[in-house]
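Asker: Give me a model of this one.
(one chain, ligands or ions: 1)
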Amino acid sequence: MKKNIKNYNLDELKEEIKSLGEKPYRAEQIFKWLYVDNISSFSEMTNLSLDLRKKLDENYSLNSFKIEKKFKSIDGTIKYLFNVQDEEQNMIESVLMSYHHGYTICVSSQIGCKMGCKFCASTGIKFGRNLESSEIIQQLLEIEKDAKVKISNIVFMGIGEPLDNYENVMNSIRIINNPKGLNIGARHISISTSGIVPKIYQLANENMQCTLSISLHSSNNKKRSEMMPINDVYPIEELIKACEYYIKKTNKRISFEYALAKDNNDNLNDAKDLVKLLKGMLAHVNLIPINKIKDGKYTKSSNENIIKFRDYLNDCGIVATIRRELGSDINAACGQLRRQNMRK
Ligand code: SF4
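Answerer: So this is what the prediction gives:
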């Protein structure tokens, strides 16, 4: 089977090219064609000899996705359902969001997810597999081509737990980072995790400067375990220790995601517990009006409650903001589109 050329970072690609009997600088030319010119066939690499183009074609593949569905929100958010065109015809979702500072893409890292968070549309659907690095990057390349935009920020918040696909996610970031290719700095890349503690330590030791987001959603172990089974494996105390280590190593602020669910985690006592937990930490709380999923048990907290919750945190010295709801008219929360499609 042919190897996908987009699974190689530049150093690895140089080795591959050398093994074909070519000069390593050719790898930089190929890298540019792949990520700057966003070409879809080796024949388009016109500054390479015909012989090298033939060798590339014989030894490597170039993936492309099929846009299965595409929805555009009134706020400009575009949600894509991609067929990754593998043997199983698996589907993944990616979302393009427009902010004043540029375009952000929310990418998927796995086909399905094993974490089983109760409020998530990916729960209840069989886990497929990890995405390869090339498939993570391809989401960005397909959207840049289709929407004719240059993406400047990436968030790993789509389907899947990125730290459960650690090596492929890290390798995709190395490729995306490279100044000779997509050139998106690590500071513009955010990884969101449900809290796989050992991987948070590993990420801290990478010295990569990515932003880390933790899906916290409650500062009470019982409530959090009800929402997120991962909490039974890595309870809040262990998670916070790992976060403190991450901050110490990277000197970067952690963003704690807190989806407010009505009559569940949205009262003043919950806010007080959250203050106790995060007081003194280099942290930011991102309050998310929960997206109700079909059959899901959680419903959105009232706007009044969300504002009260935020104000309480801010008054206590915890920086908290309410995430702007983008694409709510097109079910932009991760996993919803894929879930609908699979049910059909
Ligand atoms: S919220 Fe994220 S980690 Fe939890 S089940 Fe959904 S995709 Fe997985």
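
Asker: got the contact list for Arg324?
Answerer: Listed by Cβ atoms under 8 Å, 6 or more residues apart in numbering, Arg324 has no contact partners. All C-beta atoms are positioned from the backbone trio N, CA, C, and that covers glycine.

Asker: where along this structure do the strands fall?
Answerer: With strands called from DSSP state E, the chain shows them at 3-4, 60-61, 66-72, 78-83, 91-99, 102-106, 110-111, 129-130, 151-156, 189-193, 211-215, 254-260, 283-289, 319-322.

Asker: So which of these is nearest the ligand?
Answerer: strand 211-215 (6.1 Å; Cβ to the nearest ligand atom).

Asker: Packing partners of the closest one?
Answerer: strand 189-193, helix 236-250, strand 254-260 (3 or more Cβ pairs under 8 Å, 6 or more residues apart in numbering; DSSP states H and E).

Asker: now those as CSV including mean neighbour count and distance to the ligand?
Answerer: Rendered in CSV, the data for the helices and strands packed on strand 211-215 read as follows (neighbours: other Cβ atoms under 10 Å; distance: least, Cβ to the nearest ligand atom, whole Å):
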stretch, mean neighbour count, distance to the ligand
strand 189-193, 22, 7
helix 236-250, 17, 14
strand 254-260, 23, 9
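
Asker: need these in CSV with mean pLDDT, can you?
Answerer: Listed next are the helices and strands packed on strand 211-215 as CSV, based on pLDDT from 0 to 100:
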stretch, mean pLDDT
strand 189-193, 97
helix 236-250, 97
strand 254-260, 95
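
Asker: which parts of this protein sit against the ligand?
Answerer: Cys113, Met115, Gly116, Cys117, Cys120, Ser122, Thr123, Ile159, Gly160, Glu161, Ser194, Cys334 (Cβ under 6 Å from any ligand atom).

Asker: Of those, which count as buried by neighbour count?
Answerer: Cys113, Met115, Cys117, Cys120, Ser122, Thr123, Ile159, Gly160, Glu161, Ser194, Cys334 (16 or more other Cβ atoms under 10 Å).

Asker: Tabulate those residues (JSON lines), appending pLDDT.
Answerer: JSON lines is the format used below for these (pLDDT from 0 to 100):
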{"residue": "Cys113", "pLDDT": "95"}
{"residue": "Met115", "pLDDT": "96"}
{"residue": "Cys117", "pLDDT": "92"}
{"residue": "Cys120", "pLDDT": "88"}
{"residue": "Ser122", "pLDDT": "85"}
{"residue": "Thr123", "pLDDT": "84"}
{"residue": "Ile159", "pLDDT": "94"}
{"residue": "Gly160", "pLDDT": "96"}
{"residue": "Glu161", "pLDDT": "97"}
{"residue": "Ser194", "pLDDT": "97"}
{"residue": "Cys334", "pLDDT": "60"}
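
Asker: Count the residues that sit near Leu62.
Answerer: Number of residues near Leu62 (other Cβ atoms under 10 Å) recorded here: 18.

Asker: Ok, Val197 next?
Answerer: Using other Cβ under 10 Å, Val197 is surrounded by 20 other residues.

Asker: Ok, the one 3 residues further on next?
Answerer: Residues within reach of Ile200, counting by other Cβ under 10 Å, total 24.

Asker: Find the nearest non-adjacent residue to it, please.
Answerer: Ala242 (4.1 Å; Cβ to Cβ, 6 or more residues apart in numbering).

Asker: Could I get the contacting residues of the one you found?
Answerer: For Ala242, the contacting residues are Val197, Ile200, Tyr201, Ala204, Tyr234, by Cβ under 8 Å, 6+ apart.

Asker: And for Pro229?
Answerer: Contacts of Pro229 by Cβ under 8 Å, 6+ apart are Met115, Gly116, Cys117.

Asker: Looks like the first one contacts Asp232 (just checking).
Answerer: This means Met115. No: Met115 is beyond contact range of Asp232, at 11.5 Å (criterion: Cβ atoms under 8 Å).

Asker: In the protein, where is pLDDT below threshold?
Answerer: Scanning the chain for pLDDT under 70 picks out 292-296, 326-344.

Asker: tell me which residues form a beta bridge with the residue positioned nearest the centre of it?
Answerer: Nearest to the mean C-alpha position of the chain, by Cα atoms, centre = their mean, lies Phe156 at 1.0 Å. Beta-bridge partners of Phe156, counted by DSSP bridges, are Ile191.

Asker: I'm done for today, thanks for sticking with me.
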